[in-house]
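Student: Model the structure of this input:
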Amino acid sequence: MLSFKYIFFFSLISFTFQLDHCIQIAKICKSRKPVKESGSIANCIVYETGDSSKCSYCDINYALSNEADKCISFPLCSDLKEGNKECADCYSGYYLKNNVCTKIPIDNCASSDDGKICDYCENYSKINSDRTICNLKNLIEGCYYYDENGYCTVCKDDYESSGSGSSFKCTFKSCDTGDKALEYCKICESGYYPDMLNDGNCKPYTTGNSNNSGRNEIRFGFIILLFTLLI
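Tutor: Next up is the predicted model:
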């Protein structure tokens, strides 16, 4: 029989590698997942189909120019104003302050003008009367939109709907021949976004990768230390 210290050790390992920041997992047919194309535009992660001179999506640290021919350094900015010198809009969960995208201090708030009052919550949240708190709803796998009462009313692509109100359901359809069902994270914790261009996991809204690598080094260092103590 395994001793308590080994059970504790393996439990910690399991916990360490399950910090994926995902609130709701969903499925999608693999053929529908965006595909990376090669090109020469620096920091472009997806190009327009059949045209490697035009970018569709830039890295999270860059915003796409109005001409779609370059990715300009604007962390967390989703759209630029004409002239490409000022940010027009930020990623969900951030607001524009002095031409810098700043984290909205209200968890699960998608948009805010000043960071104090939430304009609207993520579609899986419901805002309170003074618009300062977004509360998570009862989530349904495959749901695309919830009404003001918290009921799912529209399912995502690859899902079919049935029932209504509290009995409304979204059921995953079978993929076409040659396609494969792929699990991905539909809804991430506040401060993270589902990276559908890569592996479908939750990635932090960050201006660099140093935080991620640092966390990984701390995790592995912690595991090695525990293993050493148990030997």
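
Student: who's residue 187 bridged to?
Tutor: residue 24 (DSSP bridges).

Student: Quick one: residues contacting it.
Tutor: 22, 23, 24, 122, 124, 139, 194 (C-beta atoms under 8 Å, 6 or more residues apart in numbering). Placement of C-beta: from N, CA and C, glycine included.

Student: Can you tell me how far the second one is from residue 107?
Tutor: Spelled out, that is residue 23. 12 Å (C-beta to C-beta, to the nearest Å).

Student: what do you get for the fourth one?
Tutor: Relative to residue 107, residue 122 is positioned 10 Å away (criterion: C-beta to C-beta).

Student: More neighbours: the two, which one.
Tutor: More crowded of residue 122 and residue 107, by other C-beta atoms under 10 Å: residue 122, with 21 against 17.

Student: Which pLDDT value belongs to the more buried one?
Tutor: Note on residue 122: pLDDT of 80.

Student: before we move on, what about residue 222?
Tutor: 38.

Student: Let me know the pLDDT of the residue nearest the centre of the chain.
Tutor: When C-alpha atoms, centre = their mean is applied to the chain, the residue found nearest the centroid is residue 193 (1.7 Å). According to the prediction, residue 193 has pLDDT 77.

Student: what do you get for the one 3 residues further on?
Tutor: What the model reports for residue 196 is a pLDDT of 66.

Student: cool, residue 113 as well?
Tutor: On the pLDDT scale, residue 113 gets 92.

Student: Wait, it touches residue 97, no?
Tutor: No: taking C-beta atoms under 8 Å as the definition, residue 113 is not a contact partner of residue 97, at 9.8 Å.

Student: what kind of secondary structure is the residue nearest to the centre of the chain in?
Tutor: strand (DSSP: H, G, I helix; E, B strand; the rest coil).

Student: buried sites along stretch 184-199?
Tutor: 184-188, 190-197 (16 or more other C-beta atoms under 10 Å).
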